[in-house]
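# Provide a 3D model corresponding to the input given below.
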Amino acid sequence: MTMKMNRRTLLAGTAAAAGIAGLGLPAMAQGRRVTVIDGYPDRAMWVQELSNFFLPEVNRRLTEMGLEPMDFQESYGGSIVRPRGVLEGMRLGLGDIGVVTTIFHSSTLPSQGIAAVTPFISADAGLVARSVDEIAMEFDAMRQEFEAQNQVYLTTGVVLDSYQIFANRPINTLDDMANMRFAAAGYNLRYLEGLDGVVGVRGGLTDYYNMIQTNVTDGTMTWPEAAVTFAIAEVAPYMLRANLGAVNTKTLTVNKDFWNSLDPAVQGVLREVGILYRDRLAEVAMGRAASSEAAYVAAGGTIVDLSASERAQWAAAMPNIAVEWARGLDEDGKDGSGMLRAYIDKLIAGGETPARNWADEV
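Numbers count the residues shown, from 1 in each chain. This next block holds a predicted model:
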């Protein structure tokens, strides 16, 4: 009942704004209740930054412009939607602003897989985030996938420096991973396909601890900051630093109906602060990388580096999931091959040397 009342309030505000616009005055959508959602709990880094940085900065700028700040109603940790349900919840209007975890929606949002299908290139969260956003501006298909879900793409979010391997027993080489099961999500599962005897098991970040504790898996593929946040060292105290790379896994979106009710000046504030949020997430992710590894060790974890030769061997053993991804988009008229070449060119221009240039095989 409360949710229905909130939506009526929101729709009433929209109607009022439309009426003001009809009088030739700016539409004042701000000041009404604005629901902000994510299925992950508020201890997740990107949710903390959304709550503590993005939302206050939006209202600070609105106030500076002489506009009434928005009444943000924050709902995280499954109070409205679970982690996999943000995309649908935003489509239905259960949230006005939300963070979509795109790795759960590879069929609905295939263009968002661009960094996930190109591992072993960059562990620079800022470079990856900027490059993905540039691709979104240069190739309409990426934005249109969100528009089809009744949402407006604001910016991508890279919340990790690099995926690593965490296990319940020591791993020093690729051979040590044989006959082990690792929990992962989305395209990350494909990274394991070239390794003999290694099995990927689908899961989500909030599930990994229990999956390892109950012996459903022997470990997981995640990043150090998340491993610390979710106490992974308690069940998987061995980390193999393989530096699989940074991946965009979050996209900040706005419900399209809500967006269309906003004055262009307010839309501009959301876009500008969205970019700042993107860069801040990357900065925090990189800043926390070293400290998170130290915290993981302090919690009882041990870290071993995968040799450069074995890292190259792993990259070479993988199927070329980037070309598969690109050709799938090509078939849908989305120029995936163009996206792939442009994206890797941006990473190389940013100073990276790919362990494998996936675009060479397009």
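# Can you name the element that comes right after the longest helix anywhere in the chain?
For the chain, the longest helix by residue count, based on DSSP state H, is helix 264-298. Where DSSP states H and E defines the elements, the next helix or strand beyond helix 264-298 is strand 302-305.
# Pull out the buried residues from the helix or strand following that following strand.
Counting by DSSP H and E, the next helix or strand C-terminal to strand 302-305 is helix 308-317. Using 16 or more other Cβ atoms under 10 Å as the burial criterion, the residues of helix 308-317 that qualify are 310-311, 313-315. (Each C-beta comes from the backbone N, C-alpha and C, glycine too.)
# Stretch 251-261 now?
Within stretch 251-261, the residues that qualify as buried are 251-256, 258-259, 261, counting by 16+ other Cβ under 10 Å.
# Report the separation between the two terminal residues of it.
Its start and end residues considered, stretch 251-261 measures 21 Å (Cα to Cα, to the nearest Å).
# Could you check how far it is from the centre of its chain?
In terms of Cα atoms, centre = their mean, to the nearest Å, the centre of stretch 251-261 is set 18 Å apart from its chain centre.
# repeat for stretch 32-39
The offset between the C-alpha centroid of stretch 32-39 and the centroid of the whole chain comes to 18 Å, using Cα atoms, centre = their mean.
# again with stretch 251-265
Between the mean C-alpha point of stretch 251-265 and the mean C-alpha point of its chain there is a distance of 20 Å (Cα atoms, centre = their mean).
# ditto for stretch 140-160
Here stretch 140-160 is found 11 Å from its chain centre; the criterion is Cα atoms, centre = their mean.
# if we can go back for a sec, is it possible to export the buried residues of helix 308-317 to JSON lines including pLDDT and distance to residue 267?
Rendered in JSON lines, the data for the buried residues of helix 308-317 read as follows (pLDDT from 0 to 100; distance: Cβ to Cβ, whole Å):
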{"residue": "310", "pLDDT": "95", "distance to residue 267": "48"}
{"residue": "311", "pLDDT": "94", "distance to residue 267": "44"}
{"residue": "313", "pLDDT": "95", "distance to residue 267": "48"}
{"residue": "314", "pLDDT": "97", "distance to residue 267": "44"}
{"residue": "315", "pLDDT": "96", "distance to residue 267": "41"}
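# How many neighbouring residues does residue 63 have?
Other residues near residue 63 number 12, with proximity taken as other Cβ atoms under 10 Å.
# which helices and strands does the helix or strand harbouring it pack with?
Here residue 63 sits within helix 55-64, counting by DSSP H and E. Counting contacts by 3 or more Cβ pairs under 8 Å, 6 or more residues apart in numbering; DSSP states H and E, the secondary-structure elements packed against helix 55-64 are strand 71-76, helix 264-298.
# Buried residues of the longest one, list them for me.
Looking back up the chat, that one is helix 264-298. Of the residues in helix 264-298, those buried by neighbour count under the rule 16+ other Cβ under 10 Å are 266-267, 269-270, 273-274, 277-282, 284-286, 288-289, 292-293, 295-296.
# Ok, stretch 334-348 next?
Along stretch 334-348, the positions that meet the burial threshold by neighbour count (16+ other Cβ under 10 Å) are 334-344, 346-347.
# again, but for stretch 84-96
The neighbour-count check on stretch 84-96 (16+ other Cβ under 10 Å) flags 84-87, 89-91, 93-96 as buried.
# Distance from the chain centre to it, please.
The offset between the C-alpha centroid of stretch 84-96 and the centroid of the whole chain comes to 16 Å, using Cα atoms, centre = their mean.
# tell me the pLDDT at residue 186?
Model confidence at residue 186, given as pLDDT, is 79.
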